[in-house]
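1. Attaching a predicted model along with its sequence, questions to come.
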Amino acid sequence: MEDIIQVATTPTGESEIKVDVTMVTVYPVNTVFTSDPAFVGHNKEVTFQGAITNHISVPVNNIAADMRLNESLTYISDSATINGRKENVRVVMQNGRLRFECLGTEGAEGELGGGEGTPGDTEGEPGSVQGRQIAVDLGFGESGESGILKPGETVYLAFKATARVVEGSPRGEAGEGEGLAGGSSNLYEAGLTLSYKEQESGKSYQNGEVTAQGTVASIWLQTLFGDIYAQGGFLAEVMPPSGNQNATYLVQTDGTISHFTSKAGSRYEIQNYIQGILSPVNVKRLMRDQVDQILTDRERFKVREITPGSHRVSDLDKGRREVIYVKGNLVLETDADFRSPLTIVVTGDLRIKDSTNYDNTPVDSIKKLPSLGFIVLGDTIIEGDVTHGVGAVYSEGTISTGDSNKQLVWEGLFVAAGFNLDRTHFHTGDVTEPAEKVIYDGRVVANPPTGFSELTDFPVWKEVTP
């Protein structure tokens, strides 16, 4: 609330000086309202916190906070607390808004809630008080006295909401920017309007709205320089950021494509694809045949069996082309870069704990180019601390990228029965970075790891131009 007072003075001479003085009205009870995080991924939680302080010399009570949530936010049921306690607050819906009522201990009979309306009169509202009403007073300040927020005391309101990208919503500050054709990012915003009474005089107040806001952005997958295929379809929740695409070339599926795009254009997004050799049954049969051949002639294929458990890169890569065979689970830890053509066959699950890289020392023959292949008959789990990985990964189970807000960049390719894309990273500047980025590097064709040569004719693994 501001009042503009214009003061005019006429000094010696003919000129006139006008001075505008802004007078800011301070409410008896003020609120600091914040949100965290300021940048959040699609369908992730935001925590809102308000610090409500009595700045006048008399106690106040009947405090209620009316909350406006924009279309990007959904209140998470039963998440509200007053001073960290859920039993101190009741949340009801009123006139399209959430009302957070600060409840004290049972006191004198009185109206239920401050401001217009009585949420307790609404049949079936959550947390409604049955029987005799209680005074809806705030009694959780430093004094601990029921029903009163004394001068200088502060009470803390907190709640959570789920933020989501709303396609076509404004981006940036409220009222600024333009509608987005894609699903990149938009503003999330909550507005808090506080109402209360002076305890002694009964005078009612309603503060102007204070807001807390931030950016909610797409969490998306990007694949570069290769074709991709999915038997069941590509079904993303939102589009990638404007000006970005999920794939460089072909996007092929037996099913349908939703919110998943190709840089080459929509004619390269092929739904209801007739599989042929790309059939998952054929891929599995070919890979199993490769493993059987390798294990049948271990000397020819230079097979070295190691015990299940944790192993470092230096345990696996001895500077020569060979096949590492693990009968069981493998946990991969990094202490060096991969420098050889190497195939790692795991009959159980593969867990990758650290980032991996190829050694970049020049080679005098393409046959010496480092090239890594994983054949995993179980699941492949990439832990959340991994930010970079290399190799062609074939997994008969699921490939999981790890629950983390760090970006994962993988140079190679993924083939699996299913994917858990768990990363929540996004660039917080122009919001253009994917959570997972898979870069096809061509080594599986240039110098195929043992057991992968039969698969290099698959369109899904072959470099093409549109």
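-> The structure has been received and is ready for your questions.
2. ok, the residue nearest to D379 when sequence neighbours are not counted - contacts?
-> The shortest distance from D379 to any residue other than its chain neighbours is 3.7 Å, reached at G397 (Cβ to Cβ, 6 or more residues apart in numbering). (Glycine included, C-beta is placed from N, CA and C.) Counting by Cβ atoms under 8 Å, 6 or more residues apart in numbering, G397 touches D349, V376, L377, G378, D379, T380, A416, A417, G418.
3. and G397, how far is that from T193?
-> If you measure G397 against T193 using Cβ to Cβ, to the nearest Å, the figure is 52 Å.
4. residue ranges for the helices of the stretch 251-400 of the chain, please.
-> Taking DSSP state H, counting those that start in this stretch, the helices of the stretch 251-400 of the chain run over residues 280-296, 313-316.
5. An error on my part: the question was meant for the stretch 51-200 of the chain.
-> Using DSSP H, counting those that start in this stretch, the stretch 51-200 of the chain contains no helices.
6. Specify which residues of it, grouped into ranges, have pLDDT under the cut-off.
-> 103-147, 167-184 (pLDDT under 70).
7. One more: the stretch 201-350 of the chain?
-> Where the stretch 201-350 of the chain drops to pLDDT under 70, the residues are 226-237, 239, 242, 245-246, 248-261, 263-264, 266-283.
8. repeat that for 80
-> 217-287 (pLDDT under 80).
9. Which parts of it are strands?
-> For the stretch 201-350 of the chain, applying DSSP state E, counting those that start in this stretch gives strands covering 204-206, 210-217, 221-224, 228-230, 233-235, 251-253, 256-258, 269-270, 303-306, 309-312, 322-326, 330-333, 341-346, 350-352.
10. Let me know which of these is the nearest to V393.
-> Closest to V393 of these is strand 350-352 (Cβ to Cβ; 8.0 Å).
11. quick one on the thing from earlier: quick one, which of the contacts of G397 are buried?
-> Among the contacts of G397, those that count as buried by neighbour count (16 or more other Cβ atoms under 10 Å) are D349, V376, L377, G378, D379, T380, A416.
12. And the residues you listed, which is closest to L408?
-> For these, the nearest to L408 is T380 (12.6 Å; Cβ to Cβ).
13. Pretty sure the closest one sits against V393.
-> Yes. Between T380 and V393 there is a contact under Cβ atoms under 8 Å: 5.8 Å.
14. list the residues that contact both of these two?
-> Common neighbours of T380 and V393 (Cβ under 8 Å, 6+ apart) are F374, I399, A416.
15. for the last one, phi and psi?
-> Looking back up the chat, that one is A416. Per-residue torsions, A416: phi -160, psi 160 (degrees, to the nearest 10).
16. I'd like to know how far it sits from D379.
-> For A416, the distance to D379 (Cβ to Cβ) stands at 8 Å.
17. Quick check: neighbours shared by these two?
-> Listed as contacting both A416 and D379 by Cβ under 8 Å, 6+ apart are S395, G397, T398, I399.
18. Out of those residues, which two sit at the greatest distance?
-> In these, two members sit farther apart than any others by Cβ to Cβ. They are G397 and I399, at 8.0 Å.
19. Spit out the residues that contact these two alike.
-> D379, T380, A416, G418.
20. what pLDDT does the second one get?
-> Pointing back at T380 there. For T380, the pLDDT comes out at 95.
21. and the gap between it and I148?
-> According to Cβ to Cβ, T380 stands 59 Å off from I148.
22. again with Y156
-> Using Cβ to Cβ, one gets 16 Å for the distance from Y156 to I148.
23. out of the two, which sits in the busier spot?
-> Per other Cβ atoms under 10 Å, whichever of Y156 and I148 has more neighbours is I148, with 22 against 16.
24. My guess is that one contacts P59. True?
-> Yes. Counting by Cβ under 8 Å, I148 touches P59, with 4.5 Å between them.
25. who touches both of those two?
-> Common contacts of I148 and P59, defined by Cβ under 8 Å, 6+ apart, comprise Q199.
26. buried sites along stretch 69-85?
-> For stretch 69-85, the neighbour count (16+ other Cβ under 10 Å) marks L69, N70, S72, L73, Y75, A80, T81, I82 as buried.
27. nearest to N95, of those?
-> L69 (13.3 Å).
28. which residues pair with the closest one across the strands?
-> L69 has these beta-bridge partners by DSSP bridges: A190.
29. quick one: it and T162 touch, right?
-> No. Look at L69 against T162 with Cβ under 8 Å: they stay out of range, at 10.2 Å.
30. ok, now how distant is the residue nearest to G348 when sequence neighbours are not counted from D422?
-> Spatially, and ignoring its direct neighbours in sequence, G348 is nearest to N329 (3.9 Å; Cβ to Cβ, 6+ apart). N329 sits 20 Å away from D422, going by Cβ to Cβ.
31. sorry, back to before: just the contacts of G397 now: which is nearest R97?
-> Taking the contacts of G397 together and measuring to R97 by Cβ to Cβ, the closest member is G418, at 41.5 Å.
32. That closest one: what's it in contact with?
-> The contact partners of G418, taken as Cβ under 8 Å, 6+ apart, are G397, T398, I399.
33. ok but it is inside a helix, no?
-> No. Read with DSSP: H, G, I helix; E, B strand; the rest coil, G418 is strand and lies in no helix.
34. Any idea what it is bridged to?
-> T398.
35. Do you know the pLDDT at it?
-> On the pLDDT scale, G418 is placed at 81.
36. I'd like the contacts of G418 laid out as JSON lines, including distance to N54 and pLDDT.
-> Shown next, in JSON lines, are the contacts of G418 (distance: Cβ to Cβ, whole Å; pLDDT from 0 to 100):
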{"residue": "G397", "distance to N54": "59", "pLDDT": "88"}
{"residue": "T398", "distance to N54": "55", "pLDDT": "88"}
{"residue": "I399", "distance to N54": "55", "pLDDT": "89"}
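37. Tabulate those (CSV), appending distance to G41.
-> Listed next are the contacts of G418 as CSV, based on distance: Cβ to Cβ, whole Å:
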residue, distance to G41
G397, 26
T398, 21
I399, 20
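38. buried sites along stretch 207-223?
-> So, applying 16+ other Cβ under 10 Å, buried residues of stretch 207-223: 207, 210, 212-223.
39. That should have said stretch 408-416, apologies.
-> Under 16+ other Cβ under 10 Å, the buried positions of stretch 408-416 are L408, V409, W410, E411, G412, L413, F414, V415, A416.
40. Then stretch 359-375?
-> Residues of stretch 359-375 classed as buried: K368, P370, S371, L372, G373, F374, I375 (neighbour count, 16+ other Cβ under 10 Å).
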